[in-house]
Structures are given as structure tokens and as C-alpha cells.
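# next come a sequence and a model predicted from it.
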Amino acid sequence: MKDDSQQGVAQRAAQVLTPNYRPAPVVFERGDGVSLFDADDRRYLDFAAGIAVCALGHGHGGLSDALADQARNLLHVSNLYINRPSIELAEKLVSLCFADRVYFGNSGAEANEAALKLARRYMRLVRGEDRYTFICTEKSFHGRTWAAISATGQPKYHKGFGPLVPGFVHVPYDDLAAMEAAIDETTCAIFVEPIQGEGGVRVPSAGYLAGLRALCDQHGLLLIFDEVQTGVGRTGKWFAHQHEGVAPDIMTLAKGLGGGVPIGAMVCTETVAHGFAPGAHASTFGGNPLACRAGLTVLETIDNQDLLDHVEEMGAYMAEGLGQLVASLDGVLDVRGRGLMRGIGVDPDRVDRAAVIGRARDAGLLLTMAGPDALRLVPPLIVKRPDIDEALLLLAKAIEG
Ligand code: PLP
């Protein structure tokens with residue numbers, strides 16, 4: 001007999017899944033808005049949102065209706081043919097940003113693979129064989145496929161996987177002089193997150209993104225923004241680079257785009273898109289009608305419900321509350337982030353983050369770590385003031401121990 005209790009399923013998970021994760025022994029059965037419910041019907045406030053994914057929260061009526069309708073009609077056809085939701089989602093995405101064209105994949109790492117492949121192929125075509133190097137940043141995170149870990153500026157993700165893909169160099173984040181010094185005759189593109197997420201919720205100085213744009217223009221390089229975490233309303237604009245009024249040549253998206261349904265997208269300018277020709281790149285599931293219908297519903301809901309303004313307002317409210325934790329709690333050093341992508345920096349010698357996360361979970365609050373010294377809060381974009389009040393209370397107690 002299978003043990004279907006929460007503990008039993010956790011034990012079965014430990015036996016049957018490859019050991020690359022270390023999940024908390026909690027089995028979630030359903031969700032409603034910002035709340036999740038485990039197998040014993042305990043409620044948790046979800047300020048992890050599936051790692052900045054569930055933009056509309058859980059059990060969203062509009063999203064589930066759209067998915068049910070799509071599932072009844074058409075789940076998959078491949079890119080040998082055209083499906084309507086993928087075209088409608090692509091049209092919506094290009095209407096919201098600098099981009100003219102869209103490639104769909106299934107995850108953030110895949111979106112980044114597409115961006116890197118497109119950039120190399122485009123630069124080979126227009127500037128010759130030797131333009132293949134990407135300048136990336138230290139403490140960045142771009143995903144777990146081989147090129148994505150090669151771009152990622154955190155050695156812990158490289159361990160055991162060498163040799164990495166050649167052609168990636170790393171410079172300190174938020175340092176334009178270092179970026180400029182790294183440019184040489186092999187440089188193809190600059191590849192950065194507009195706010196570093198996994199690296200510790202780090203917002204660069206005002207002018208950094210514009211400075212990167214200027215460097216790329218001056219040296220004839222491509223600028224790629226990884227907005228897998230920051231995109232789709234998370235920071236209070238559709239895309240985080242829009243706070244600075246600069247545009248990249250290529251941008252990658254995933255996480256919030258599908259509201260919980262796996263989807264990734266790489267969007268780019270008309271010019272750069274011609275780096276790809278038929279057959280140059282592909283994905284069986286990319287542009288899948290179910291995933292694209294989810295994406296379309298998420299974007300339309302953000303639009304129709306003015307969620308960008310809501311994110312700005314809730315983000316400021318949450319930042320203010322987190323500021324009070326900095327003022328009142330030992331070892332809590334600073335508030336980081338933008339919109340509803342927030343973190344608090346802590347002194348790791350005084351605050352045991354794993355213990356805080358465990359205590360918070362036991363008390364009914366889900367949150368995550370980021371980088372070497374931050375606790376991260378990335379609730380669904382529909383979060384409300386009472387949810388934030390409750391979360392901050394639980395967080396303060398968890399930090400106090
Ligand atoms: N890029 C950034 C900025 C991310 O934060 C992540 C995931 O955390 C990724 C890429 C990888 O996305 P995925 O896990 O969907 O491959």
C-alpha cells in the first residue's frame with residue numbers, strides 16, 4: 001500500500017526523484033489567491049510564488065477557465081503549423097516593449113539559450129567569425145543548461161560540470177568601467193539581468209543600464225537583458241528595463257509569463273531576428289497553444305486590472321514594512337529590490353537564513369533565499385495589504401527565532 005499521508009509522499013519523493021533538490025516536507029494540494037493549502041489543509045501565505053512565477057496567484061478563475069477551454073480545443077500542434085494563441089501572445093508581447101519578433105520556448109534557461117544562439121549567429125553574419133564572446137556579470141544567474149550556467153557568474157553552479165561552453169567572461173555587476181575594459185575584438189554581446197535576482201536581489205545604480213546601452217552602441221555590440229525574473233510586471237513596469245527608458249536588442253522572459261504554466265520567450269528587434277533562418281533553432285513544445293493561452297491571459301489580466309500600478313503600490317508598502325524590520329531587528333541590514341521583487345539583506349553570521357525560512361514555513365509563510373545574504377519576498381502580483389501585514393509579522397517572528 002502506498003503511504004499517501006503528507007509525510008509518506010515526502011518519503012516517496014526522496015526515493016523516486018533524482019537527488020538534485022532538497023524540498024521541504026510539505027505536499028501542496030491546492031491554492032487560492034495568495035494562499036496555499038497542504039495535504040493536512042494547513043494554510044500558508046505564499047510569498048515565494050513558485051519562485052516568482054505565480055503572477056496571478058493560485059486558483060485564478062480567469063486563468064483556469066482559459067486553460068480548460070484551451071485544453072478542450074487544442075493542446076499541441078508543433079511549429080510545423082500555426083496556432084492562434086501563440087500569434088496573439090507574440091503580438092501582445094511586441095505591443096508592450098521594444099521588440100518586433102518573438103521566439104517561444106519552455107523555460108528561462110531555454111529563452112536564454114535562444115538569445116545567446118541568436119546573438120552569436122547574428123554577429124557572425126554581420127561582423128564575422130570572431131565575434132563570439134559574451135560579457136556577463138559576477139553573481140548573475142541565467143539558468144541550468146550548459147550555456148546558461150556558462151553565462152552564470154556564480155562558480156557554485158559550475159562545480160562538476162566543466163569544461164563549460166567557451167566564450168563567456170564575467171565582470172563585476174553595476175560596474176561600467178569593468179564592462180568597458182572587458183570589451184575586445186571578440187565581443188559579441190553584453191548579457192545582464194536588469195536587477196540581479198538569484199544573486200541577492202541587487203538593483204544596479206541609476207544609469208547602469210543606459211551606460212550598457214551606450215557601450216553597445218559605441219562598440220557595435222548587442223545588448224541582452226535577462227528579464228526571466230524581473231519581467232511581466234514583477235517590478236511595477238511590464239519589464240524592469242523600462243524604469244530606465246533604455247531598450248536592449250534581445251530580452252528573455254519566463255517565470256511570471258505563464259502564471260504557473262511553463263513557458264519561456266525570447267523577444268528581439270526586427271534586425272537581430274534575421275540572425276535566425278528556418279531550421280537555425282527550434283523547440284517541439286515552443287509556442288504550445290496551452291502555454292501561450294496562459295501567457296495571453298496573464299498579460300491581459302495584468303492590463304485589464306491595472307496590476308502594474310497595484311504592484312508599484314504594494315511594492316512600496318512592502319518595502320516600508322521591511323524597512324521597519326531593518327530598524328528593529330538585529331542582523332537585518334537593508335531592503336533591496338523594486339516593486340514586488342524584494343529582499344532584505346542580512347548578516348549571515350547573525351541570521352541563519354535556512355532556520356528563518358523553516359520557522360516562517362512552520363508558522364505559515366513561504367519565502368526564499370537569494371544570494372549569499374538575502375531573504376527574498378516575491379508574492380503574487382495580486383497580493384493585498386492585509387497579506388503583506390500578515391507576512392511581515394510572521395517574518396519578524398521567524399527572524400527573532
Ligand atoms: N534567468 C533568471 C534571471 C532567473 O532568475 C532564472 C531562474 O531563477 C533563470 C534565468 C532560469 O529560468 P528557468 O529555471 O525557468 O530555466
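Nice, thanks for sending it over. Residues are numbered from 1 along each chain as shown.

# mind listing the helices for this structure?
6-16, 49-52, 61-73, 84-96, 108-127, 146-151, 176-182, 208-219, 270-273, 289-304, 307-328, 353-363, 385-400 (DSSP state H).

# what number of residues lie near the closest residue to the ligand within the chain?
Per Cβ to the nearest ligand atom, residue 108 is where the chain lies closest to the ligand, at 2.3 Å. Yep, even glycine has a C-beta here, placed from its N, CA and C like the rest. Neighbour count for residue 108, taken as other Cβ atoms under 10 Å: 28.

# what's the spacing between it and residue 321?
With distances taken as Cβ to Cβ, to the nearest Å, residue 108 is found 29 Å from residue 321.

# how far away is residue 209 from residue 371?
Distance of residue 209 to residue 371, given as Cβ to Cβ: 20 Å.

# the two: which is more packed in?
Taking neighbours as other Cβ under 10 Å, residue 209 and residue 371 compare with residue 209 leading, 23 against 19.

# so what's the nearest residue to residue 310 once chain neighbours are set aside up against?
Of all residues not flanking residue 310 in the chain, residue 381 sits nearest, at 7.0 Å (Cβ to Cβ, 6 or more residues apart in numbering). Contact analysis of residue 381 by Cβ atoms under 8 Å, 6 or more residues apart in numbering lists 55, 56, 233, 234, 256, 302, 307, 310, 311, 340.

# contact partners for the residue nearest the centre of the chain?
Centroid-nearest residue in the chain: residue 229, 1.9 Å away (criterion: Cα atoms, centre = their mean). By Cβ under 8 Å, 6+ apart, the contact list for residue 229 reads 52, 108, 193, 195, 197, 198, 255, 341, 378.

# can we see that at 7 Å?
Residues near residue 229 by Cβ atoms under 7 Å, 6 or more residues apart in numbering: 52, 197, 255, 341.

# on the pLDDT front, check it for me.
According to the per-residue confidence, residue 229 scores 98 in pLDDT.

# just for the stretch 51-200 of the chain, where's the confidence low?
Along the stretch 51-200 of the chain, the model assigns pLDDT under 70 to no residue.

# near the ligand, which residues of it?
51, 107, 108, 109, 112, 141, 142, 143, 193, 197, 198 (Cβ under 6 Å from any ligand atom).

# which non-adjacent residue is nearest the fourth one?
What sits nearest to residue 109 in space, not counting adjacent residues and going by Cβ to Cβ, 6+ apart, is residue 143, at 2.8 Å.

# so the one you found touches residue 112, yeah?
Yes. The criterion here is Cβ atoms under 7 Å, and residue 143 meets it with residue 112 at 5.4 Å.

# so between those two, which is more surrounded?
residue 112 (27 against 24).

# ok, the more buried one - contacts?
Contacts of residue 112 (Cβ under 7 Å, 6+ apart): 142, 143, 148, 151, 226, 252.

# wait, residue 374 touches residue 342, no?
No. In this structure, residue 374 is not within contact of residue 342 by Cβ under 7 Å, at 9.5 Å.

# walk me through the domains of the protein.
The chain resolves into domains spanning 62-304, 306-379+395-401 when parsed by automatic domain parsing.

# list the residues that contact both of residue 374 and residue 342?
Joint contacts of residue 374 and residue 342 (Cβ under 7 Å, 6+ apart) are 201, 336.

# about what we covered before: give me every residue that touches the residue of the chain closest to the ligand.
143, 228, 252, 254, 255, 264.

# from these, which is closest to residue 45?
Nearest to residue 45, judged by Cβ to Cβ, of these is residue 255 at 19.5 Å.

# and for that closest one, the neighbour number?
29.
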